[in-house]
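Trainee: coords below, sequence missing:
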């Protein structure tokens, strides 16, 4: 199954690195959508079928935590897996995010193997 | 910068440069640095939460493009190395600050990091930073780099 992926980060560099890493990890991708913040991401999610979201926490306009909260309030969007990709090292914050419904957490800098494992775990490969 | 933090910060900096940008750093005495071009970028990020403070990284202008090329995996002449040079530099500072905080304070405290800010300085101003003994000095693949990390009391 090829995935429709949404990458949410205010840094174009990080979005490019995640795209490159998905390729190196040989994750089957159909279409990659990009957003610079949570608000833009919610607009994409309203219009496109997305299989998995990779999102940062700290972003201008709307951060990743608020985006996850808004998604959890939506009957359809709450089932879309969200993977947080961040520099956050706080186990307290990661536990908070898991309670809010994120599927996984990846800490920067990350490897293709890490991304591959997370995607495999989420989709039960 | 607290003296007892210096070796941890130095180690984290070299580790992040290697893993994120594939560039290799070694700590130098600040008196071993020399001017390298006319323009330098100073990138600053602040943090709040469990503790407050900030991190500043000063690099020669030419280094930003090399970081972008390495992070993105493209050639030095690729258009993206120019358009994303500053963005890549900000990302390095972002990751660096997060990693240093975890190494110094552990994995329980919550910190909120600001968006990194970049400004350009000229050689004369850069030389003033050489007098500031709060900064650590590095050679990273031939580039002179200055780094400061402050936690407020």
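Mentor: Nice, I can see it. As the structure is a computational prediction, the values presented were derived from the model and not from experiment. Residues are numbered from 1 along each chain as shown, chains lettered A, B, ... in the order given.
Trainee: tell me where chain A has strands.
Mentor: Counting by DSSP state E, chain A has strands at residues A:3-8, A:29-35, A:52-55, A:82-86, A:104-107.
Trainee: adding distance to residue B:2 and mean neighbour count, write the ones you listed out as a markdown table.
Mentor: Using the backbone N, CA and C atoms, a C-beta is placed for each residue, glycine as well. As requested, the strands of chain A are exported to a markdown table (distance: least, Cβ to Cβ, whole Å; neighbours: other Cβ atoms under 10 Å in any protein chain shown):
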| stretch | distance to residue B:2 | mean neighbour count |
| --- | --- | --- |
| strand A:3-8 | 36 | 22 |
| strand A:29-35 | 39 | 16 |
| strand A:52-55 | 34 | 25 |
| strand A:82-86 | 26 | 24 |
| strand A:104-107 | 25 | 18 |
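Trainee: okay, those strands in a markdown table with mean pLDDT and distance to chain B next?
Mentor: Putting the strands of chain A into a markdown table (pLDDT from 0 to 100; distance: least, Cβ to the nearest Cβ, whole Å) gives the following:
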| stretch | mean pLDDT | distance to chain B |
| --- | --- | --- |
| strand A:3-8 | 98 | 14 |
| strand A:29-35 | 97 | 14 |
| strand A:52-55 | 98 | 15 |
| strand A:82-86 | 95 | 8 |
| strand A:104-107 | 94 | 8 |
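Trainee: show me the contacts for the residue nearest to residue A:2 when sequence neighbours are not counted.
Mentor: Sequence neighbours aside, residue A:30 is the residue nearest to residue A:2 in space, at 3.8 Å (criterion: Cβ to Cβ, 6 or more residues apart in numbering or on different chains). Residue A:30 sits next to A:2-4 when contact means Cβ atoms under 8 Å, 6 or more residues apart in numbering or on different chains.
Trainee: and which of the residues you listed is nearest to residue B:7?
Mentor: residue A:3 (43.4 Å; Cβ to Cβ).
Trainee: what are the bridge partners for residue A:86, then?
Mentor: Residue A:86 has the following beta-bridge partners by DSSP bridges: residue A:107.
Trainee: just checking, it touches residue A:104?
Mentor: No: Residue A:86 is not in contact with residue A:104 according to Cβ atoms under 8 Å; the separation is 11.5 Å.
Trainee: and stretch B:118-132, what's buried?
Mentor: Taking 16 or more other Cβ atoms under 10 Å in any protein chain shown as the neighbour-count basis, stretch B:118-132 is seen to contain the buried residues B:118, B:121, B:126, B:129-130.
Trainee: intersect the residues you listed with the contacts of chain A.
Mentor: Restricting the buried residues of stretch B:118-132 to those near chain A by Cβ under 8 Å from any Cβ of the partner chain leaves nothing, as none qualifies.
Trainee: so which of those belong to helices?
Mentor: With DSSP state H as the criterion, helices contain B:126, B:129 from among those.
Trainee: host element of the residue most central in space within chain B?
Mentor: In chain B, the C-alpha nearest the mean C-alpha coordinate belongs to residue B:57, at 3.4 Å (Cα atoms, centre = their mean). When elements are assigned from DSSP states H and E, residue B:57 belongs to strand B:53-60.
Trainee: what sits up against the next helix or strand after that strand?
Mentor: Moving toward the C-terminus from strand B:53-60, the next helix or strand (DSSP H and E) is helix B:61-72. Defining contact as Cβ under 8 Å, 6+ apart, one finds that helix B:61-72 is touched by A:13, A:16-17, A:20, B:20-23, B:36-41, B:74-76, B:78, B:80-82, B:84-89, B:91-92, B:120, B:140-141, B:143, B:145.
Trainee: report the contact partners of the spatially most distant residue from the centre of chain A.
Mentor: Relative to the centre of chain A, and counting by Cα atoms, centre = their mean, the farthest-placed residue is residue A:92 at 19.4 Å. The neighbours of residue A:92, taking Cβ under 8 Å, 6+ apart as the test, are B:108-110.
Trainee: between the residues you listed, which has the most around it?
Mentor: For those, neighbours were counted by other Cβ atoms under 10 Å in any protein chain shown; the highest total belongs to residue B:109, with 17 neighbours.
Trainee: please identify the buried residues of the worst-scoring helix or strand of chain A on mean pLDDT?
Mentor: For chain A, using mean pLDDT, DSSP states H and E, the weakest element among its helices and strands is helix A:91-99, scoring a mean of 88. Neighbour-count burial for helix A:91-99, counted by 16+ other Cβ under 10 Å, picks out A:93-94, A:97.
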